[in-house]
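Chemist: Predicted model, plus sequence, below.
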Amino acid sequence: MPDAVILVLNAGSSSLKFAVFDATRPDSAILRGAVTRIGTPAAGVTLRMDGETSAPVLDGPVQDHHDALVRVLKTLSDQGITDRISVVGHRVAHGGPDCDCPLAVTPALLERLRDLVPLAPLHLPANIAGIEAVSARRPDIPQIACFDTAFHNQMPGVAQMTGLPLAMQSPELRRYGYHGLSYEYIVEALGRDWVDVASERIIVAHLGNGASLAAIRNGRSIDTTMGFSTISGVPMGTRSGDIDPGLLLHLQTDHGMSAEELGDLLETGAGLLGLSGVSRNMADLIDHHDPASADAIRYFCYHVRRHLVALTAPLEGIDRLVFTGGIGTNAAQVRSLVCAGLDYLGLKLDAVANEDNSRIISARSSRVVVEVRETDEESMIAAHVYRLCGTCADTVREAS
């Protein structure tokens with residue numbers, strides 16, 4: 001075990017994923033784990049070391065993220081790791097218009113993040129809770145915030161605009177894009193595999209419970225499907241994706257729905273769960289074999305394909321399509337439906353390679369390379385922390 005380690009925390013609304021990396025060489029995780037179902041009696045901690053995953057340790061309810069961190073630190077203490085933590089890196093869903101690089105957590109930054117909660121109400125409270133939990137338990141350890149919006153901050157101005165009247169425009173009211181740490185990891189992984197990311201026109205489809213696509217050129221995001229909020233773009237597990245604003249106005253005026261009710265509907269009651277009435281989980285829907293589940297799958301794939309094709313416009317074509325995320329890497333049926341009928345783009349799948357979940361799933365005759373890659377947001381965060389801090393926590397740059 002190395003003398004100093006980086007602890008990475010990825011806090012979700014009801015989960016806390018964690019990973020530990022060598023602070024001097026954070027190229028692969030020493031161990032990974034998760035606290036799941038926070039706030040329920042079924043909460044538990046799982047740990048993965050040396051490729052082996054432990055059974056969930058169920059030792060009573062985990063009330064909140066502070067309680068979850070206590071369980072994480074106890075788990076790490078049992079592994080002889082807690083006293084070796086030199087710095088903690090966090091995934092933070094939203095950095096607003098200003099946070100375009102990793103920043104050290106300070107009281108000023110925390111206050112800024114609290115002000116941004118209305119922009120990411122499902123995600124930022126959990127991110128902030130994770131930061132506060134570390135501060136409460138280990139105030140001596142520096143913390144770094146890595147922002148999911150930062151990768152998209154250099155999109156062309158026209159891709160950031162919302163179409164609101166000039167008098168209403170402000171730095172905060174713009175298209176942000178999300179899943180940036182995942183996209184950044186994929187770009188760096190492609191570069192390590194000698195892909196010419198500087199010249200290729202790449203579309204990455206991050207498909208999971210949350211889903212989006214990004215158009216990437218010269219290693220940078222030039223457009224993405226999510227905009228101002230994490231509701232927008234393609235349909236997701238429980239989120240609606242793009243919906244005609246006129247329909248929302250109709251639901252307010254003719255059906256009497258309040259803004260709060262609409263927000264709950266679009267965030268937690270729509271998407272795959274709402275369309276199927278069965279589950280937000282794509283694997284469950286594929287196994288269910290009922291008409292509503294089949295319709296939900298078709299709707300999801302139709303809109304992913306539609307957005308994929310739309311992203312070829314700012315790219316002026318496409319050379320490579322990368323599927324990632326839980327659905328993107330595991331659901332061959334989804335990949336097949338998304339790519340169906342795209343021969344005119346020079347994109348054709350190898351059916352056998354696709355069913356086998358091979359790395360390269362495009363046919364030999366396909367001009368566009370289609371591949372499947374695991375993403376690793378925790379590794380990307382560890383890399384950012386290492387680049388910012390080196391091996392010495394005293395060199396952490398504070399937020400302005």
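Modeler: Yes, it's here.

Chemist: drop to CA atoms for contacts and neighbour counts, all remaining ones
Modeler: Will do.

Chemist: Kindly list the main-chain dihedrals of residue 173?
Modeler: Dihedral angles of residue 173 (phi, psi; degrees, to the nearest 10) stand at phi -90, psi 90.

Chemist: and it, what is it in contact with?
Modeler: Residue 173 is in contact with 162, 228, counting by C-alpha atoms under 8 Å, 6 or more residues apart in numbering.

Chemist: Return the per-residue confidence for it.
Modeler: Listed pLDDT for residue 173 reads 93.

Chemist: Would you state the strands of the stretch 251-400 of the chain in chain order?
Modeler: Here the stretch 251-400 of the chain has its strands, by DSSP state E, counting those that start in this stretch, at 320-324, 369-372.

Chemist: tell me what the last one is packed against?
Modeler: Put plainly, it is strand 369-372. Applying 3 or more C-alpha pairs under 8 Å, 6 or more residues apart in numbering; DSSP states H and E, we find strand 369-372 packed against strand 320-324.

Chemist: on that earlier part again, between the strands of the stretch 251-400 of the chain, which gets nearest to residue 276?
Modeler: For residue 276, the closest of the strands of the stretch 251-400 of the chain is strand 320-324, at 23.2 Å, according to C-alpha to C-alpha.

Chemist: Touching that closest one from outside, list them.
Modeler: Around strand 320-324, the neighbours that count as contacts under C-alpha under 8 Å, 6+ apart are 200-207, 329, 335, 368-375.

Chemist: likewise stretch 346-360?
Modeler: Contacts for stretch 346-360 (C-alpha under 8 Å, 6+ apart): 329-330, 332-333, 335-336, 339-340, 342, 361-373.

Chemist: can you give me the end-to-end distance of it?
Modeler: End-to-end distance of stretch 346-360 (C-alpha to C-alpha, to the nearest Å): 15 Å.

Chemist: how far is it from where the chain is centred?
Modeler: 24 Å (C-alpha atoms, centre = their mean, to the nearest Å).

Chemist: Please indicate which of the contacts of stretch 346-360 are buried?
Modeler: Buried subset of the contacts of stretch 346-360 (neighbour count, 16 or more other C-alpha atoms under 10 Å): 329-330, 332, 335-336, 339, 361-363, 366-373.

Chemist: check contacts around residue 384.
Modeler: Shown in contact with residue 384 (C-alpha under 8 Å, 6+ apart): 102, 146.

Chemist: ugh, typo on my part, it should be residue 240
Modeler: The neighbours of residue 240, taking C-alpha under 8 Å, 6+ apart as the test, are 231, 232, 234, 266, 267, 270, 271.

Chemist: which ones among these are found in helices?
Modeler: Residues of these located in helices (DSSP state H): 266, 267, 271.

Chemist: right, and out of these, which lies closest to residue 149?
Modeler: Of all the ones in helices among the contacts of residue 240, residue 267 has the smallest distance to residue 149: 18.7 Å, by C-alpha to C-alpha.
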